[in-house]
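**Student:** next one to model:
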Amino acid sequence: MRLLLLTLTVLLACAASSRGSGRDDSSAPPEPGVGRDLARSRATHYRGVRYALNLTLRLGAEFLDGDIRISLTLDNPSEDLVLDWRVLKKDAEARGRVSEITANERAVADARFVNDHIVIPSAYLRGGDNVLRLKFRSPVSASGSAVTRYIDREDKSEYVYTLFVPSDASTAFPCFDQPDLKARFTLRLTTPESWRVVSNTDSHVQPEFDETSGGHPQSPPAGMLWHWFAETEPLSTYQFAFAAGPFVEFKEGGGDGPGKQTATPQPSVLKKGRRSSLKAVSDGNASKASGGDAFGMRVFVR
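**Tutor:** Residues are numbered from 1 along each chain as shown. Okay, the predicted model is just below:
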């Protein structure tokens, strides 16, 4: 009997020790990728996620420059917040491509970069609404990156498009890169003035704005334009997309209401009678799309 009691005591102590050192401990570093425990925790405790992206694309640039505002509601601010941020090249440092991290208007100097994640300490968080801001750089290349550059073989025109399936959004911008944690996206793209941009929602071009302190208007850099896109319906990160370049754009469906927008390469390419190599399609209403158009946009490369 004494031996049985001793065995049970040891087993209970081991079980308690295992629970105490398990993955629920917010001080433990997250595993590479989005593991089941991390995904379940974020889906349970993170609500109302919104991403406001401000991106700049330049002709021939190897990187895009961006800043992002992430807003969300937390019901358990005692745990660290975990963002996904993957750097594909082994010789690149994740920390070196992110700067000026703030959480609820407080500078976060001790954010941890570990296993393709950015960990924001719980000391900067609060129950209810939270706002994170940061700046970042991510690659634009002909292959091997989620933001792809396509150079037309005939006239050397440059086109840029995204493909975030299945979990590559976090290589382009810090985010919660799991399908069940849907979010609303707003986008401002600064591009060469000859480019057109297609994304999940309708857009407008804005020549200046007055978001600066004191309300002093600002204009985009010389030779560039700002493209503003309306907020999307809730989307998974892989469903968010954009394409930019010297497209020709037309709208199907007629009338003034939302319709399918198609962007094809510029007329100089089409007049040559060959099949276009790149086409981007936006239905202008992601909330009503289904199947292959679930994110409101498709990009085809032939």
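
**Student:** from now on I want contacts and neighbour counts done on CA atoms only, so please keep to that.
**Tutor:** Will do.

**Student:** residue 70 pairs with what?
**Tutor:** residue 51, residue 132 (DSSP bridges).

**Student:** who touches residue 113 in this structure?
**Tutor:** Contact analysis of residue 113 by CA atoms under 8 Å, 6 or more residues apart in numbering lists 94-95, 119.

**Student:** closest to residue 46 among those residues?
**Tutor:** residue 119 (14.6 Å; CA to CA).

**Student:** ok, that closest one to residue 141 distance?
**Tutor:** From residue 119 across to residue 141, the span is 28 Å (CA to CA, to the nearest Å).

**Student:** higher neighbour count, those two?
**Tutor:** Ranked by neighbour count (other CA atoms under 10 Å), residue 119 and residue 141 place residue 119 first, with 20 against 17.

**Student:** show the pLDDT at the nearest residue to residue 194 once chain neighbours are set aside.
**Tutor:** With sequence-adjacent residues excluded and distances taken as CA to CA, 6 or more residues apart in numbering, residue 194 is closest to residue 246, at 6.0 Å. pLDDT recorded at residue 246 is 92.

**Student:** begin at 77 from now on, thanks
**Tutor:** I'll keep to 77 as the first residue from here, and by that count the last item is residue 322.

**Student:** now residue 253, what's its secondary structure?
**Tutor:** Secondary structure, DSSP: H, G, I helix; E, B strand; the rest coil: residue 253 is coil.

**Student:** count the residues that sit near it.
**Tutor:** 25.

**Student:** spit out the contact partners of it.
**Tutor:** Per CA under 8 Å, 6+ apart, neighbours of residue 253: 110, 160, 243-246, 312-314.

**Student:** lowest-confidence entry in these?
**Tutor:** Among those, pLDDT bottoms out at residue 243, giving 88.

**Student:** thought it was touching residue 316?
**Tutor:** No. In terms of CA atoms under 8 Å, residue 243 does not count as a neighbour of residue 316; the distance is 11.4 Å.

**Student:** so between the two, which is more surrounded?
**Tutor:** residue 316 (24 against 19).

**Student:** pLDDT weak spots in the stretch 277-378 of the chain?
**Tutor:** 286-289, 325-378 (pLDDT under 70).

**Student:** do that again at 80, thanks
**Tutor:** Within the stretch 277-378 of the chain, the segments meeting pLDDT under 80 span 282-293, 324-378.

**Student:** returning to what we had before: and the contacts of residue 189, which is closest to residue 149?
**Tutor:** Nearest to residue 149 among the contacts of residue 189, with distances taken as CA to CA, is residue 195, at 16.7 Å.

**Student:** assign a three-state SS to that closest one, would you?
**Tutor:** Going by three-state DSSP: residue 195 is strand.

**Student:** got a list of what it touches?
**Tutor:** Counting by CA under 8 Å, 6+ apart, residue 195 has contacts 156-159, 187-189.

**Student:** what is it paired to in the beta sheet?
**Tutor:** residue 158, residue 188.

**Student:** and it, how far from residue 305?
**Tutor:** Taken as CA to CA, the span from residue 195 to residue 305 is 29 Å.

**Student:** now the contacts of residue 253 in a markdown table, with distance to residue 120?
**Tutor:** A markdown table is the format used below for the contacts of residue 253 (distance: CA to CA, whole Å):
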| residue | distance to residue 120 |
| --- | --- |
| 110 | 15 |
| 160 | 17 |
| 243 | 20 |
| 244 | 22 |
| 245 | 21 |
| 246 | 20 |
| 312 | 16 |
| 313 | 17 |
| 314 | 20 |
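
**Student:** buried subset of those residues?
**Tutor:** 110, 160, 243-246, 312-314 (16 or more other CA atoms under 10 Å).

**Student:** tell me which of those residues fall in helices.
**Tutor:** Using DSSP state H, no member of the buried ones among the contacts of residue 253 falls within helices.

**Student:** between those residues, which is nearest residue 212?
**Tutor:** Out of the buried ones among the contacts of residue 253, the member with the shortest distance to residue 212 (by CA to CA) is residue 246, at 11.4 Å.
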